[in-house]
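J.: how would this look folded up:
(chains A and B)
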Amino acid sequence: MKKRLRGYVFSREMGTNFVPQRVQNLVLRNYCDKNGYQYLLSATEYGMENCYMILHSQLDLLEQVEGLVFYSTHQLPESEHDRKYLFDQFLKNKKELHFALEEIIVLNQNSLEMVEDIMKIRKISQSETQLKEMILSEGNK
Amino acid sequence: MDYTFFEAHEKELHDNFVQNGFVTIPLSQRSILENIKQKIFELARIFLELDITISKEQFFDHTDKYLEVNRLNDLRVYIIAKLSNDESIRPQVYQLCKQYLHLVVGNELCMQRACNLSIQLPNDQTSVLPLHSDVWSGNSPYEVVFWLPFVDCFKTKSMFVLPLHKSKEVFKLFQKYSNLKSEELFKEIEGDLIWPDVPYGHAILFSHSILHGNVINQEATTRWTFNVRFKSLLSPYRTKELGETFLPITLRPATRVGLNHIDPRI
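T.: The predicted model follows:
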């Protein structure tokens, strides 16, 4: 029997990008088809900044599925504490957390560390524009 | 730039890269190269149901005898997909160019998720990659491409590059060129292009900010090449992001400590 993955999409920007829900769902469907998972209709997070009500509701329903498939790691909570809580729920319940865009699966501590590295490096990596602005403003002092 | 921290051979390579935007490098770990080539051959043999008597060298040089142009892309995609599932490939490719990557880029790196494969049959018009700079379409100028041939590459069987100092001249005058098609721009700069000779056992590291591309392979034998991007982990990204396009490969412990540092709070 195919593993059942519930989709999880955003109705707000992810980082600096806005991806239409239709596109997010197409990517999830394609990811599940390609990898032999059963795709279950997506839960859509609310549009309010930092709101994860729908995700938290899905945590209560984990027993019905083998895991969740996010469109991207950009949907993960900004706060490391909140991410840890989320990952703990999945690992504790032996459920899978998939990220379709990055094709990363969090199954264990190793894969979790990879996602955490990516999240933290993204946070400290300045964009090229930010970097140039910073250098210019230093030069003008 | 103060070079006092670099040794003479490093300085020479740096100057060469900064001036030209590319370097041709020898690959010391020949057995790794042979191993990857063998894997590609075995996958192609399965896909094309090749006769067991066909040798690897015969196949790579004269692929056009065993493959119709209309199946070329299917073969390419099949091999890329199979190699993407082989977790030993990316570390092996990294090992091949590690020494020079560390000199040109640094030792804390991220690597593109998959290695791309190009196959150019003689006189095939469908595999031409016109003059371009990857940075124009969203790649970060901090990335480098490792271009790895599995056969001898020369003349039209190689790629062409416009050295960095010449590419910069085009960028400065871009308004003049902006209405041209790629082919017309190619004609304008053709005299300044370099077509590196890259014998098997060598490779190119280049900044894909420079203008580059390929033309129809007019030589008698087929071109087989890998290309994969590397980047300093903490240098600026553009639209090809960490996670989606790149994955960290050599995160250093001091950076990990830094990433996990929490200032004490009162």
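J.: tell me the phi and psi of residue B:182?
T.: Backbone geometry at residue B:182, expressed as degrees, to the nearest 10, gives phi -50, psi -40.
J.: and it, what is it in contact with?
T.: B:130-132, B:213 (CB atoms under 8 Å, 6 or more residues apart in numbering or on different chains). In this view, the C-beta of every residue, glycine as well, is placed from N, C-alpha and C.
J.: Around chain B, pick out the residues from chain A.
T.: Residues of chain A that fall close to chain B, judged by CB under 8 Å from any CB of the partner chain: A:72-73, A:99, A:101-104, A:114-115, A:117-118, A:120-122, A:124-128, A:131.
J.: from the residues you listed, which would you call buried?
T.: Among the residues of chain A next to chain B, the ones that count as buried by 16 or more other CB atoms under 10 Å in any protein chain shown are A:72-73, A:99, A:101-102, A:104, A:114-115, A:117-118, A:120-121, A:125.
J.: Tell me the pLDDT of the spatially most central residue of chain A.
T.: Compute the mean C-alpha point of chain A, and by CA atoms, centre = their mean the closest residue is residue A:73, 3.1 Å away. Predicted confidence (pLDDT) for residue A:73: 95.
J.: is it true that it touches residue A:118?
T.: Yes - applying CB atoms under 8 Å as the test, residue A:73 and residue A:118 come out as touching, 6.1 Å apart.
J.: Now the common contact residues for the two.
T.: Taking CB under 8 Å, 6+ apart as the contact rule, residue A:73 and residue A:118 both touch A:102, B:243.
J.: Of the contacts of residue B:182, which is the most crowded?
T.: Counting neighbours by other CB atoms under 10 Å in any protein chain shown, residue B:131 comes out on top of the contacts of residue B:182 with 23 neighbours.
J.: Could you pull up phi and psi at that residue?
T.: Dihedral angles (degrees, to the nearest 10) for residue B:131: phi -50, psi 130.
J.: OK, now which residue of the stretch 151-266 of chain B is nearest to chain A?
T.: residue B:236 (3.8 Å; CB to the nearest CB).
J.: before we move on, what SS does that residue have?
T.: Per DSSP: H, G, I helix; E, B strand; the rest coil, the secondary structure class of residue B:236 is coil.
J.: Isn't it up against residue B:135?
T.: No - applying CB under 8 Å, one finds residue B:236 not in contact with residue B:135, separated by 11.7 Å.
J.: can you list the weak-confidence ranges in the chain?
T.: Went with chain A since none was named. Chain A contains residues with pLDDT under 70 at A:126-132, A:134-135, A:138-141.
J.: you looked at the wrong chain, it should be chain B
T.: Residue ranges of chain B with pLDDT under 70: B:1-3.
J.: So what are the sheet partners of the longest strand anywhere in it and their directions?
T.: In chain B, taking DSSP state E as the definition, the longest strand is strand B:223-232. With DSSP bridges as the test, strand B:223-232 is paired with strand B:109-112 (antiparallel), strand B:116-120 (antiparallel), strand B:143-149 (antiparallel).
J.: can you give me the helices in the stretch 51-200 of chain B?
T.: B:56-61, B:69-84, B:89-104, B:164-172, B:174-177, B:182-189 (DSSP state H, counting those that start in this stretch).
J.: which one of those has the most crowded surroundings?
T.: Each of the helices of the stretch 51-200 of chain B was scored by mean neighbour count; the highest is helix B:89-104, a mean of 18, by mean count of other CB atoms under 10 Å in any protein chain shown.
J.: anything in it near chain A?
T.: No - figure legend: helix B:89-104 not in contact with chain A (CB under 8 Å from any CB); closest approach 13.6 Å.
J.: pretty sure residue A:28 is in a helix, no?
T.: Yes - assessed by three-state DSSP, residue A:28 belongs to a helix.
J.: What separation is there between the residue of the stretch 151-266 of chain B closest to chain A and residue B:4?
T.: 27 Å (CB to CB, to the nearest Å).
J.: List, one by one, the residues from chain B near chain A.
T.: Checking chain B against chain A by CB under 8 Å from any CB, the hits are B:113, B:140-141, B:233-238, B:241-244, B:247-248, B:251, B:256, B:259-260.
J.: tell me the contacts of residue 23?
T.: If you meant another chain, say so; for now it's chain A. Residue A:23 sits next to no residue when contact means CB under 8 Å, 6+ apart.
J.: that answer is for a different chain, and I need it for chain B
T.: Applying CB under 8 Å, 6+ apart to residue B:23 gives the contacts B:13, B:16-17, B:100, B:104, B:204-206.
J.: Tell me which stretches of chain A form strands.
T.: Assigned by DSSP E, chain A shows strands spanning A:4-9, A:38-44, A:67-70, A:96-99, A:104-106.
J.: just those: most buried one?
T.: strand A:67-70 (a mean of 24).
J.: closest to residue B:63 out of the strands of chain A?
T.: When the strands of chain A are compared by CB to CB, strand A:104-106 sits nearest residue B:63, at 34.4 Å.
J.: Quick one: list the elements packing against that closest one.
T.: In this structure, strand A:104-106 packs against helix A:80-92, strand A:96-99, helix A:109-124, with contacts taken as 3 or more CB pairs under 8 Å, 6 or more residues apart in numbering or on different chains; DSSP states H and E.
J.: ok, back up a step: give me the buried subset of the contacts of residue B:23.
T.: B:13, B:17, B:100, B:104, B:204-206.
J.: Narrow those residues to those in strands?
T.: B:204-206.
J.: picking that back up, among the contacts of residue B:182, which one lies nearest to residue A:20?
T.: Among the contacts of residue B:182, residue B:132 lies closest to residue A:20 (CB to CB), at 28.3 Å.
J.: Can you report phi and psi for the closest residue to that closest one other than its chain neighbours?
T.: Leaving aside its sequence neighbours, residue B:132 sits nearest to residue B:213 (CB to CB, 6 or more residues apart in numbering or on different chains; 5.9 Å). For residue B:213, the backbone dihedrals (degrees, to the nearest 10) come out as phi 160, psi -160.
J.: Residue B:213 touches residue B:127, doesn't it?
T.: No - in this structure, residue B:213 is not within contact of residue B:127 by CB under 8 Å, at 11.4 Å.
J.: how much space between residue B:118 and residue B:194?
T.: Computed as CB to CB, the residue B:118 to residue B:194 distance reads 19 Å.
J.: For the residue of the stretch 51-200 of chain B at minimum distance from chain A, grab the count of nearby residues.
T.: Closest to chain A within the stretch 51-200 of chain B is residue B:140: 7.0 Å, counting by CB to the nearest CB. Residues lying near residue B:140 (other CB under 10 Å) number 23.
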